[in-house]
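Trainee: I'll drop the sequence and a predicted model, then ask my questions.
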Amino acid sequence: MLRSIILAALFLWSLGVLGQATGTIRGRVSDGSSGETLAGANVLYGRGLGTSTNLEGRFQLELPPGGYSLTI
């Protein structure tokens, strides 16, 4: 009986964890003509959330799985 309760609890917990899965979008922003990386550029997606690039022009966003259009 106790084993069944523990297994049921683990199953329900795993559903909660799997339902909150996120993916990672990584990239580097550079100038189209010179190729220089752009530090501090804003990287936004449709819901008004985003991040900024680091000193090397790189960024990383943690988002739920789906399709996104990024604005730099």
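Mentor: Everything's here; your move.
Trainee: so what pLDDT did Ala8 get?
Mentor: What the model reports for Ala8 is a pLDDT of 59.
Trainee: now this protein, which segments are flagged as low pLDDT?
Mentor: Across the chain, residues meeting the criterion (pLDDT under 70) sit at 1-20, 47.
Trainee: Tell me which stretches of it form helices.
Mentor: Taking DSSP state H as the criterion, the chain contains helices spanning 2-18.
Trainee: in it, which spans are strands?
Mentor: 23-28, 42-45, 49-52, 58-63, 70-71 (DSSP state E).
Trainee: Would you mark the buried spots in the second one?
Mentor: Across strand 42-45, burial judged by 16 or more other C-beta atoms under 10 Å covers Val43, Tyr45. Every residue, glycine included, has its C-beta placed from N, CA and C.
Trainee: Show me what that strand pairs with in its sheet, parallel or antiparallel.
Mentor: According to DSSP bridges, strand 42-45 forms sheet pairs with strand 49-52 (antiparallel), strand 70-71 (antiparallel).
Trainee: right, so those: which one is the most enclosed?
Mentor: strand 49-52 (a mean of 13; mean count of other C-beta atoms under 10 Å).
Trainee: Contacts for that one, please.
Mentor: Gly40, Ala41, Asn42, Val43, Leu44, Phe59, Gln60, Leu61, Leu70, Thr71 (C-beta atoms under 8 Å, 6 or more residues apart in numbering).
Trainee: mind redoing it with 7 Å?
Mentor: Gly40, Ala41, Asn42, Val43, Leu44, Phe59, Gln60, Leu61 (C-beta atoms under 7 Å, 6 or more residues apart in numbering).
Trainee: Against Ala39, how distant is Asp31?
Mentor: Remark: distance between Asp31 and Ala39 (C-beta to C-beta, to the nearest Å) = 11 Å.
Trainee: that older thread, which one of the strands of the chain lies nearest to Gly35?
Mentor: strand 23-28 (10.8 Å; C-beta to C-beta).
Trainee: Run through the neighbouring helices and strands of that closest one.
Mentor: Counting contacts by 3 or more C-beta pairs under 7 Å, 6 or more residues apart in numbering; DSSP states H and E, strand 23-28 is packed against strand 58-63.
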